[in-house]
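Return atomic coordinates for the entry below.
(one chain, ligands or ions: 1)
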Amino acid sequence: MEIHGGNIYKLQREGRKDILDYSSNINPLGVPESLKKAVLENFLLLERYPDIDYTELREKIGKYNNIPAENIIVGNGATEVLFLYMKALKPKKVLIAAPTFAEYERALKNIDCIIDFFQMKEENNFVLDKENFMKKAAEYDLAVICNPNNPTGKFILKENIFEINEYLEKSNTKLFIDECFIEFIKGWEDKTAAGFKSENIFILRALTKFFALPGLRLGYGIVFNKKIREEINNIREPWSVNAFADLAGKVILNDEEYIKNTEKWIAEEREWFTKELKKFENNKIIKVYETETNFILIKLYNKTAEEFKNMMTEKNILVRNASNFKFLDKSFVRLAIKDRDKNEKVIKAMKEVLK
Ligand SMILES: Cc1ncc(COP(=O)(O)O)c(C=O)c1O
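Have a look, this model is predicted:
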């Protein structure tokens with residue numbers, strides 16, 4: 001699957017070791033200590049089915065978001081929740097704001113549906129043109145927005161989401177908002193669209209990114225629409241969230257120290273990494289698209305993304321060639337933001353590769 005980052009396995013099969021993976025956007029603080037301890041202490045969960053209703057897990061997630069547990073749907077990663085929503089809603093016509101994450105399109109290809117894209121333009125720094133988006137989206141059954149957006153790192157303010165939603169409600173166009181990276185934004189609790197409690201909106205969240213659990217798989221949806229919730233529960237497979245993922249959700253959302261450390265790391269490193277990348281921009285080597293989250297999109301002026309990727313791979317750094325995102329050309333690359341030590345290595349390697 002070349003549409004995603006994170007495929008270090010191919011490089012490992014080729015005999016490479018100690019690869020720095022800058023192609024997937026996972027918290028570099030790694031698995032929370034609280035979870036490591038809980039897994040060791042609860043190893044025998046392996047012998048039991050998890051709670052088929054995930055009652056306690058949904059309560060914990062609800063509390064974390066200040067929302068009743070009945071409005072939470074859990075899944076095996078955010079991806080499962082996304083696919084379930086599309087299958088439950090069965091829209092006939094969907095508009096996706098792009099460039100963006102590829103799985104919306106794949107989830108929709110599973111159902112019989114027309115998929116169109118609304119371009120967020122490079123000349124606008126990939127900021128969504130709200131007025132034109134909502135006017136166009138009103139002709140569709142469903143509009144999809146990733147917020148903050150992968151791969152551009154741009155974030156749409158809550159006030160604008162509110163306006164888009166009010167407009168779309170009139171044409172009975174549902175709004176799907178992927179907030180899987182929102183917790184990397186300072187003060188996200190006041191910036192999420194979850195606070196609207198709108199029956200028209202479905203919000204997707206992940207624990208895989210912020211809590212560094214992509215291998216464990218845990219995601220959830222926030223849904224105030226009873227009909228959609230019931231339909232998802234009708235079609236979902238039982239026990240798709242395994243016992244350790246269930247345990248993880250109950251433990252890590254209370255891990256205030258981990259959350260605080262993560263917030264401190266991302267605020268510092270986003271600023272430092274952006275500042276260092278901007279030095280290349282000042283020398284007209286790359287363009288930097290400022291980010292609000294934990295990855296950053298750049299455009300190369302003197303090399304293709306594939307050439308750059310291959311040269312960085314030679315230095316054991318895996319970057320995401322972003323040219324296969326819709327509306328991006330072969331000059332775009334997405335870089336994760338990690339800890340200072342690793343970010344310094346990447347900047348050093350870039351100096352050698354782009355000199
Ligand atoms: C924007 C976005 N949403 C959702 C997902 C899926 O997350 P998960 O690993 O929890 O399925 C990803 C993964 O890369 C993503 O980038």
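
all contacts plus neighbour counts: C-alpha atoms, from now on.
Fine.

Tell me if Phe244 really is in a strand.
No. With DSSP: H, G, I helix; E, B strand; the rest coil as the criterion, Phe244 is assigned helix and is not in a strand.

Need the pLDDT of it.
Reading off the confidence values, Phe244 has pLDDT 97.

Just give the number of residues close to it.
The local packing of Phe244 (other C-alpha atoms under 10 Å) involves 20 other residues.

need the contact list for it.
39, 45-46, 216 (C-alpha atoms under 8 Å, 6 or more residues apart in numbering).

Using ChimeraX, define a selection of the buried residues within those.
For anyone working in ChimeraX, the buried entries among these, judged by 16 or more other C-alpha atoms under 10 Å, can be selected with:
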select :39,216
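
Tell me where this protein has strands.
Using DSSP state E, the strands of the chain run over residues 20-21, 72-75, 93-98, 114-119, 142-146, 174-178, 201-206, 219-223, 286-289, 295-300, 317-318, 320-321, 332-336.

Arg270 is nearest to which of these?
Minimum separation from Arg270 across those (C-alpha to C-alpha) falls at strand 295-300, 8.3 Å.

Just want the angle from that closest one to strand 332-336.
Angular relation of strand 295-300 and strand 332-336 on a 0 to 180 degree scale: 150 degrees, by axes from the mean of the first three to the mean of the last three C-alpha atoms, to 10 degrees.

Pull the residues that contact strand 295-300.
Contacts with strand 295-300, where a contact means C-alpha under 8 Å, 6+ apart, come from 25, 151-153, 285-291, 331-337.

Run through the residues of this protein sitting next to the ligand.
77-79, 101, 150, 178, 180, 206, 208, 214, 217-219 (C-alpha under 6 Å from any ligand atom).

Quick one, which of these are buried?
For the residues of the chain next to the ligand, a neighbour count by 16+ other C-alpha under 10 Å gives the buried set as 77-79, 101, 150, 178, 180, 206, 208, 214, 217-219.

Centroid-nearest residue for this structure?
Closest residue to the average C-alpha location of the chain: Cys180 at 3.9 Å, with C-alpha atoms, centre = their mean.

Now do the contacts for it.
78, 147-148, 204-207, 209.

Counting neighbours, which of these comes out on top?
Neighbour counts for the contacts of Cys180 were taken using other C-alpha under 10 Å; the highest belongs to Ala206, which has 28 neighbours.

Not counting its neighbours along the chain, what's nearest it?
Residue nearest to Ala206 in three dimensions, not counting chain neighbours: Gly219, with 4.1 Å by C-alpha to C-alpha, 6 or more residues apart in numbering.

beta partners of that neighbour?
Gly75, Ala206 (DSSP bridges).

Was I right to think it contacts Ala78?
Yes. In this structure, Gly219 sits in contact with Ala78. The criterion is C-alpha atoms under 8 Å, and the distance is 4.0 Å.

got any residues that touch both of those two?
204-206.

coming back round to it: which two of the contacts of Phe244 have the greatest separation?
By the measure C-alpha to C-alpha, the contacts of Phe244 have their two most distant members at Leu45 and Leu216, which lie 14.4 Å apart.

lowest-pLDDT helix or strand in the protein?
Taking mean pLDDT, DSSP states H and E as the measure, helix 8-13 is the helix or strand of the chain with the lowest mean score, a mean of 83.

Output it in CSV, but only the C-alpha positions, please.
Below are the C-alpha coordinates for helix 8-13, written out as CSV (Å, rounded to 0.1, in the frame of the first residue of the first chain):
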residue,chain,number,x,y,z
ILE,A,8,9.6,0.5,7.3
TYR,A,9,9.2,-3.3,6.8
LYS,A,10,10.3,-3.2,3.2
LEU,A,11,13.5,-1.4,4.2
GLN,A,12,14.0,-3.9,7.0
ARG,A,13,13.6,-6.8,4.6
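
Export the contacts of Cys180 as a markdown table, with columns for pLDDT.
Supplementary listing: the contacts of Cys180 in a markdown table, determined by pLDDT from 0 to 100:
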| residue | pLDDT |
| --- | --- |
| Ala78 | 98 |
| Asn147 | 98 |
| Pro148 | 98 |
| Leu204 | 98 |
| Arg205 | 98 |
| Ala206 | 98 |
| Leu207 | 97 |
| Lys209 | 96 |
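
Which of these sits closest to the ligand?
Ala78 (3.7 Å; C-alpha to the nearest ligand atom).

got the contact list for that closest one?
Residues near Ala78 by C-alpha under 8 Å, 6+ apart: 180, 204-206, 217-221.

out of everything not next to it in sequence, what's closest to Lys303?
Once its chain neighbours are removed from consideration, Lys303 has its nearest residue in Ser331; the separation is 7.0 Å (C-alpha to C-alpha, 6+ apart).

That neighbour and Ala305 touch, don't they?
Yes. The pair Ser331 / Ala305 is scored as a contact, 5.0 Å apart, by C-alpha under 8 Å.

Between the two, point out the one with more neighbours.
In this view Ser331 and Ala305 are compared by other C-alpha under 10 Å, and Ala305 has more residues nearby, 24 against 20.

Please report how far that one lies from the ligand.
When distance is defined by C-alpha to the nearest ligand atom, to the nearest Å, Ala305 is 19 Å away from the ligand.

what's the answer for Asn225, then?
21 Å.

same check, this time on Lys351
When distances are taken as C-alpha to the nearest ligand atom, Lys351 and the ligand turn out to be 28 Å apart.
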